[in-house]
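Chemist: Sharing a sequence plus its predicted fold:
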2 protein chains.
Amino acid sequence: MRLIVARCSAIYEGRLASTLTEAVRLIMLKADGCVAIHADSGAYKPMNWMNAPNVISEEPTRLVVTNPKGEQLTITLHEVIADVSYPLDVERGLTLDGVERDLQLLLAEHPDHLEDGLRLVQREFRTDVGPVDLLCRDRDGNAVAVEIKRIGEIDGVEQLTRYLDRMERDPMLTPVRGVLAATIVKPQARVLAESRGIGWREIDLAYLRGQKDAQPRLF
Amino acid sequence: MRLIVARCSAIYEGRLASTLTEAVRLIMLKADGCVAIHADSGAYKPMNWMNAPNVISEEPTRLVVTNPKGEQLTITLHEVIADVSYPLDVERGLTLDGVERDLQLLLAEHPDHLEDGLRLVQREFRTDVGPVDLLCRDRDGNAVAVEIKRIGEIDGVEQLTRYLDRMERDPMLTPVRGVLAATIVKPQARVLAESRGIGWREIDLAYLRGQKDAQPRLF
DNA sequence: AGGTGTATGTCGCAT
DNA sequence: ATGCGACGTACACCT
């Protein structure tokens, strides 16, 4: 990891064009060839950046970064204030918990949390427009397709609509109902879902976890 | 901008939970209170981060970052290799060129570039499933909904279809035609649009810009 | 390599 | 603040 603090300007030309006027900023050059120009605000997004792989050409007052797609970032160094390098460890240590996959596994274990009497048939049921998160049967034996999102938005309703459209054509499945399940279902997604006869349900992740923890003790 | 290179571990608890095992990484502390932990790969995304505003509590071997939403990042410092600070300039210098907003403003000024006799009624016309980029009337006085994209893909057709579906129900608007406008309209988007009776049009951004520059000289 | 779906997305702009 | 759409989205995973 090489860190350059410099008064610099920059031009990016690629998917769009941008110019960055002269100011003191941090330039990060990572071991994999990534380059990022950071200002003193905004943790996530650099002012300009180039993802690996890149070819970096270093001249006395310029850094020219080019990638195979033909995008180019040209950094002009007007005054270098610091230029230091440190070897960092190769990364392997990040684990996440609480993403959509976790929701899916929990609901697969407790489909009745969505609707009384619901039974799981298959997780990741394949259609030719993509996999449905959960295929279930309700208490009457009718098919129910469940689309799971961390946050339920219009996209999720569209996705589920495409699945339902395909599944309705399968005589083994039709009629199929759809349910959008998410920790939060946004208002516009509710409106769209309802207008299409699709159900929606907000999931209490903590409660579901409680169920999971409690279950083994019951037997 | 404070830069700490340290052998560290971290725990994030917020929208989800994550743990980061011990390794040498860069910790960025920005002037606005943002914090990011960067590994030596991936220009864009830190391993962990906290966006402003934050409260940062510094102890001898720990940094605890808390935001008003209750999210928390706890960084344990096992060995500090470097800890330096630099004052950076306040940022003001980034300009972009060629994005959707430009297209929208230009087409709002020159709706007739889309179709002869087209007049603008409203930009960002609101429906309950989101705003339509341009609401226009054609030479016969019928409503035309225009969805603008930099690159026209299937998503744009889906979006416009949703708007049209809602707008058709409004007696003040119906019948409504749809037009997808983009600098490039991809083949699949053309096919889907046509199959739904939606028009599409490729926009010459340079020509539109010329129009804009030329216009004042005409009067 | 290209397409699809997720994201602690972030960011800007609207109500 | 919340809602919503765009983004040089990035990124992982699949065919």
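Modeler: Received, thanks. Numbers count the residues shown, from 1 in each chain, chains lettered A, B, ... in the order given.
Chemist: any idea which helix or strand carries A:G33?
Modeler: Following DSSP states H and E, there is no helix or strand that holds A:G33.
Chemist: Surely it is in contact with A:I56?
Modeler: Yes. Assessed by C-beta atoms under 8 Å, A:G33 is found in contact with A:I56 at 6.6 Å. Backbone N, C-alpha and C define where each C-beta goes, glycine included.
Chemist: hmm, stretch A:137-151 touching DNA strand D?
Modeler: No. Stretch A:137-151 is not in contact with DNA strand D by C-beta under 7 Å from any atom of the strand; minimum separation 9.4 Å.
Chemist: send the alpha carbons of that stretch over as CSV?
Modeler: The C-alpha trace of stretch A:137-151 is given here as CSV (Å, rounded to 0.1, in the frame of the first residue of the first chain):
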residue,chain,number,x,y,z
ARG,A,137,-47.3,-25.2,-0.7
ASP,A,138,-50.1,-23.6,1.4
ARG,A,139,-52.5,-25.5,3.6
ASP,A,140,-54.7,-26.1,0.5
GLY,A,141,-51.8,-27.6,-1.4
ASN,A,142,-51.5,-24.7,-3.8
ALA,A,143,-48.0,-23.5,-4.9
VAL,A,144,-46.6,-20.3,-3.3
ALA,A,145,-43.5,-18.6,-4.7
VAL,A,146,-41.6,-16.6,-2.1
GLU,A,147,-39.1,-13.9,-3.0
ILE,A,148,-36.9,-12.9,-0.2
LYS,A,149,-35.2,-9.5,0.1
ARG,A,150,-33.4,-7.7,2.9
ILE,A,151,-35.3,-4.6,1.9
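Chemist: Please state the offset of that stretch from the chain centre?
Modeler: In this view, stretch A:137-151 has its centroid 23 Å away from the chain centroid, taken as C-alpha atoms, centre = their mean, to the nearest Å.
Chemist: Over to stretch A:87-104?
Modeler: Centroid displacement of stretch A:87-104 relative to its chain, using C-alpha atoms, centre = their mean, is 13 Å.
Chemist: Check stretch A:26-46 too.
Modeler: That offset, for stretch A:26-46, works out to 21 Å (C-alpha atoms, centre = their mean).
Chemist: In chain A, what residue lies closest to DNA strand D?
Modeler: Proximity of chain A to DNA strand D (C-beta to the nearest atom of the strand) peaks at A:Q188, 3.0 Å away.
Chemist: Give me the neighbour count for that residue.
Modeler: Using other C-beta atoms under 10 Å in any protein chain shown, A:Q188 has 17 other residues around it.
Chemist: longest helix in chain A, by residue count?
Modeler: Determined from DSSP state H, the single longest helix within chain A is helix A:154-167.
Chemist: now for that one, which elements pack on it?
Modeler: Judged by 3 or more C-beta pairs under 8 Å, 6 or more residues apart in numbering or on different chains; DSSP states H and E, helix A:154-167 is in contact with strand A:119-127, strand A:130-137, strand A:143-152, strand A:176-185, helix A:187-195, helix B:154-168.
Chemist: how much does that helix deviate in direction from strand B:130-137?
Modeler: Here the directions of helix A:154-167 and strand B:130-137 differ by 80 degrees (axes from the mean of the first three to the mean of the last three C-alpha atoms, to 10 degrees).
Chemist: any idea how far helix A:154-167 is from the chain center?
Modeler: Centre-to-centre, helix A:154-167 and its host chain are 19 Å apart (C-alpha atoms, centre = their mean).
Chemist: Contacts for it, please.
Modeler: Residues outside helix A:154-167 that contact it (C-beta atoms under 8 Å, 6 or more residues apart in numbering or on different chains): A:127-130, A:132, A:143, A:145, A:147, A:149, A:173-174, A:176, A:178, A:180, A:182, A:186, A:188-189, A:192-193, A:196, A:198, B:129-130, B:158, B:162.
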